[in-house]
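K.L.:
quick one, structure for this:
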Amino acid sequence: QVQLVESGGGLVQAGGSLRLSCAASGRTFSSYAMAWFRQASGKEREFVAAISWSGGRISYADSVKGRFTISRDNAKNTVYLQMNSLKPEDTAVYYCALRRYYSSPRTDEYDYWGQGTQVTVSS
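P.N.:
I've put the predicted structure just below:
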């Protein structure tokens, strides 16, 4: 079994920055992709960013391109999400997710999920 633990959420003013972290532990795979999703109150969970095992393939939702940066440290089994120029519409619970092999923007293709961390952006 794989456990994912997110951290780094909080309350920030519009235009500010936050850095989320997600540490994976337990069963490990030879290669796995990781991603960030978010879910605002009353809305469906949506894709934010994904990164391949090597870091060579990265994708972002259009809504966060140019503001968010995903990265990973395989030695620490950790993925990060640097969020800059935050907007009130970025307010949501942010989840990290893991799947074997290739990254994907689809929620139904991820096998493991963290418990989520709240990000609130005030105007």
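K.L.:
can you pull out the helices in this protein?
P.N.:
Taking DSSP state H as the criterion, the chain contains no helices.
K.L.:
in it, where is pLDDT below threshold?
P.N.:
Scanning the chain with the threshold set as pLDDT under 70 gives 28, 30.
K.L.:
please report the distance of the most centrally placed residue in the chain from Ala50.
P.N.:
With distances taken as C-alpha atoms, centre = their mean, the chain has Trp36 as the residue nearest its mean C-alpha position (2.2 Å). With distances taken as C-beta to C-beta, to the nearest Å, Trp36 is found 8 Å from Ala50. C-betas here are computed from N, CA, C, even on glycine.
K.L.:
coming back round to it: give the bridge partners for the residue nearest to the centre of the chain, please.
P.N.:
Ala49, Cys96 (DSSP bridges).
K.L.:
for the nearest residue to Gly55 once chain neighbours are set aside, what are its contacts?
P.N.:
The spatially closest residue to Gly55, leaving aside those adjacent along the chain, is Arg72, at 6.0 Å (C-beta to C-beta, 6 or more residues apart in numbering). Counting by C-beta atoms under 8 Å, 6 or more residues apart in numbering, Arg72 makes contact with Met34, Ile51, Gly55, Thr78, Val79, Tyr80.
K.L.:
re earlier: which residues do Trp36 and Ala50 both contact?
P.N.:
Ile70.
K.L.:
any chance you could map the strands in this structure?
P.N.:
Using DSSP state E, the strands of the chain run over 2-7, 10-13, 18-26, 32-39, 46-51, 58-60, 68-73, 78-83, 92-100, 112-113, 117-122.
K.L.:
who does the first one touch, helix- and strand-wise?
P.N.:
Spelled out, it's strand 2-7. strand 18-26, strand 92-100, strand 112-113 (3 or more C-beta pairs under 8 Å, 6 or more residues apart in numbering; DSSP states H and E).
K.L.:
again with the fifth one
P.N.:
Helices and strands in packing contact with strand 46-51 are listed as strand 32-39, strand 58-60, strand 68-73, strand 78-83; criterion 3+ C-beta pairs under 8 Å, 6+ apart.
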